[in-house]
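Engineer: just to be clear, the model below is a prediction. Sequence and coordinates:
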Amino acid sequence: MMHFARTLLIGLLLTLGGVLPVWGQDAGDGSIYSRFGIGELQTPSSAQAQALGGHGVALRSLNYTNLSNPALWSDQVLTRVALGARFRTVESEGGQTEGTSRLTAGNFDGVQFSFPLLRQKLGVAFGFVPVSQSNFRSRVQRTASSSPFDDETLDYQVEFLGRGGLQKITGGFGYRFNDLISVGASLDYLFGTIETQRRTSFTRPNFQETVVTNGVRLDALSATLGTHLTIGDLLRSDDNLMVGAAVTLPASLSGTRTRTIGESLDRDTVSTASGGALDMPLTTRLGIAYVPSSALTLTVNGSYAPWSQAESSMTDDDVSFAFPVGGTETLADQWTLSSGVEWRPAGDDSFESFLARTAYRLGVSYEQLYVSPNTTTTLNAVEARLGISLPTSVSGTRIDLTTHVGRQGTTSQNLVQDLYYGVSARVTIGERWFQERRLR
């Protein structure tokens, strides 16, 4: 237990030590598409699944806790803690911007904790992970035909900024009936704050800059149900074909909005309103994984969420400012397809060399975004990922590094295209707990 605590502390210091210096760089421009809906959606899963394109709904593993399918939690052998950080750069072009805008930022990538109640039979898992992120800044130059004081035109700039997002606390169990099938369920609590700001500045010195900020606090309860099927010796001896499915039930995000005017500590609260709700749709995920040997893993995953059917209800017209969806007409059905391959030369042989025990991963994904500029246009994202998983001298502990590059949006129709790239790091620590010591 003490060794586990020391390893966890070192992992925390390494992870947070890399994240904290980057937070100060958030002054740049992020993706304008995070302005709509609840922000850019995140994909909580294991480090292994992330490097293989995301989700990993069927990816059964003794080394990782995969939050995308609670049925996989039945495979626990060791008590595990996983924590990570991610760094991302977004370069945007098109729209009404001149040239290219850029944002480099780092964020904490969540914590996962799991342990077996019955070894490889009944497992429990908990997690604190990001669900969405809003981080953008856009500017529009405008000209008023006249000012209140004279007949001259008045040039001014309107700047829109956003930050915040939703997080999720999840907890549940997975149970394996036999070598063929397992099931699982989790209870999910979503919460967070999304803040949008409108800053108006003027070229003439006798006009005061104005700043209006809307802070929206959201929360909801949901649940995820999952199942997993394993078929062994299908095409050859000791191979495995695995099929996984998970459903996240609809959630109704209730919100409270606070509107303020002014900057930093001199803000004045203008109004506070509540009573609105945004209904998040049902999300389904399906995955297939084939393991011909302990050295090779192949995966294919897909997900679907009918965001075009999302509805927001308000108690009065004023509360309509509370939700950052920009009107549900800006939302479209969201779906993803991903595929990946992992190669670990040593397989399960723990006595091979360091490089042979290292896992090498490649993944690709294609997504139709849930943000839509109009009813006839859809926006897409394509991404490639490359990762490695490094073994350590501590049995059950691995360090995972993943780099990614992708492109989303389009410059046609005066829209914006984002090029993004970055790296993520995660430490997964495993140790055997709750053992009954025997006297000899």
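Structural biologist: The structure has been received and is ready for your questions.
Engineer: make it CA atoms for all contacts and neighbour counts henceforth
Structural biologist: Will do.
Engineer: quick one: low-confidence parts of the chain?
Structural biologist: Applying pLDDT under 70 to the chain flags residues 1-29, 95-100, 141-154, 263-276, 313-329, 375, 434-440.
Engineer: please enumerate the helices of it.
Structural biologist: 2-23, 47-51, 354-357 (DSSP state H).
Engineer: what sits closest to Leu386 if chain neighbours are left out?
Structural biologist: Distances taken as CA to CA, 6 or more residues apart in numbering put Leu362 closest to Leu386, at 4.7 Å, once the chain neighbours are dropped.
Engineer: that neighbour and Asn240, how far apart?
Structural biologist: 20 Å (CA to CA, to the nearest Å).
Engineer: and the strands in the stretch 301-440 of the chain?
Structural biologist: 311-313, 334-343, 359-368, 380-391, 398-409, 416-431 (DSSP state E, counting those that start in this stretch).
Engineer: and of these, who's closest to Thr284?
Structural biologist: Nearest to Thr284 among the strands of the stretch 301-440 of the chain is strand 334-343 (9.5 Å), distances taken as CA to CA.
Engineer: right, and the strands of the stretch 301-440 of the chain - which one's nearest Leu59?
Structural biologist: Nearest of the strands of the stretch 301-440 of the chain (CA to CA): strand 334-343, 10.9 Å.
Engineer: so which elements touch the closest one?
Structural biologist: Counting contacts by 3 or more CA pairs under 8 Å, 6 or more residues apart in numbering; DSSP states H and E, strand 334-343 packs against strand 296-305, strand 359-368.
Engineer: if you set the cut-off to 10 Å instead, what comes out?
Structural biologist: Where contact means 3 or more CA pairs under 10 Å, 6 or more residues apart in numbering; DSSP states H and E, strand 334-343 is packed against helix 47-51, strand 283-293, strand 296-305, strand 359-368, strand 380-391.
Engineer: out of the ones you listed, indicate the one that is most buried.
Structural biologist: helix 47-51 (a mean of 28; mean count of other CA atoms under 10 Å).
Engineer: next one: that helix to chain centre, how far?
Structural biologist: Put simply, helix 47-51 sits 12 Å off its chain's centre (CA atoms, centre = their mean, to the nearest Å).
Engineer: may I have that helix as PDB, with CA atoms only?
Structural biologist: The C-alpha coordinates for helix 47-51 follow below in PDB (Å, rounded to 0.1, in the frame of the first residue of the first chain):
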ATOM      1  CA  ALA A  47      -5.100   5.400 -22.600                       C
ATOM      2  CA  GLN A  48      -5.000   2.300 -24.700                       C
ATOM      3  CA  ALA A  49      -8.400   3.000 -26.300                       C
ATOM      4  CA  GLN A  50      -7.500   6.700 -26.900                       C
ATOM      5  CA  ALA A  51      -4.400   5.700 -28.900                       C
END
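Engineer: mind giving me TSV with the helices and strands packed on strand 334-343 and columns for distance to Gly172?
Structural biologist: TSV is the format used below for these (distance: least, CA to CA, whole Å):
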stretch	distance to Gly172
helix 47-51	20
strand 283-293	18
strand 296-305	21
strand 359-368	28
strand 380-391	27
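Engineer: so which of the ones you listed is nearest Gly37?
Structural biologist: Closest among the helices and strands packed on strand 334-343, once you apply CA to CA, is strand 296-305, at 13.3 Å.
Engineer: adjacent strands (with direction) for the closest one?
Structural biologist: Note on strand 296-305: by DSSP bridges, its sheet partners are strand 283-293 (antiparallel), strand 334-343 (antiparallel).
Engineer: dump these into JSON lines; add distance to Lys168 as well.
Structural biologist: Converted to JSON lines, the strands paired with strand 296-305 look like this (distance: least, CA to CA, whole Å):
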{"stretch": "strand 283-293", "distance to Lys168": "15"}
{"stretch": "strand 334-343", "distance to Lys168": "20"}
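Engineer: nearest to Gly30, out of these?
Structural biologist: strand 334-343 (20.9 Å).
Engineer: for that closest one, buried residues please.
Structural biologist: Under the neighbour-count criterion of 16 or more other CA atoms under 10 Å, strand 334-343 has 334-343 buried.
Engineer: tell me how far it lies from the chain's centre.
Structural biologist: Distance, centroid of strand 334-343 to centroid of chain: 15 Å (CA atoms, centre = their mean).
Engineer: make residue 1 into 649 and carry on from there
Structural biologist: Right, with 649 as the first residue, what we last looked at is strand 982-991.
Engineer: what's the angle between it and strand 1028-1039?
Structural biologist: 30 degrees (axes from the mean of the first three to the mean of the last three CA atoms, to 10 degrees).
Engineer: what is the orientation angle of strand 982-991 with strand 1007-1016?
Structural biologist: 170 degrees.
Engineer: restricting to C-alpha, output strand 982-991 in PDB.
Structural biologist: Taking Å, rounded to 0.1, in the frame of the first residue of the first chain, the C-alpha atoms of strand 982-991 are listed here in PDB:
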ATOM      1  CA  GLN A 982     -23.200  13.300 -34.200                       C
ATOM      2  CA  TRP A 983     -21.500  10.000 -35.100                       C
ATOM      3  CA  THR A 984     -18.000   8.600 -35.200                       C
ATOM      4  CA  LEU A 985     -16.100   5.800 -36.800                       C
ATOM      5  CA  SER A 986     -12.600   4.800 -35.600                       C
ATOM      6  CA  SER A 987     -10.100   1.900 -36.000                       C
ATOM      7  CA  GLY A 988      -6.800   1.100 -34.500                       C
ATOM      8  CA  VAL A 989      -4.000  -1.500 -34.200                       C
ATOM      9  CA  GLU A 990      -1.700  -2.300 -31.300                       C
ATOM     10  CA  TRP A 991       1.500  -4.400 -31.500                       C
END
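Engineer: what about Asp1048, how many neighbours?
Structural biologist: 21 (other CA atoms under 10 Å).
Engineer: touching, it and Gly1035? I think so.
Structural biologist: Yes - between Asp1048 and Gly1035 a contact is recorded at 7.3 Å, counting by CA atoms under 10 Å.
Engineer: what sits in contact with each of those two?
Structural biologist: 695-696, 699, 1007, 1072-1073 (CA atoms under 10 Å, 6 or more residues apart in numbering).
Engineer: with distance to Leu828 added, can I get those in CSV?
Structural biologist: Below are those laid out as CSV (distance: CA to CA, whole Å):
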residue, distance to Leu828
Ala695, 25
Gln696, 23
Ala699, 26
Ala1007, 26
Ser1072, 34
Ala1073, 33
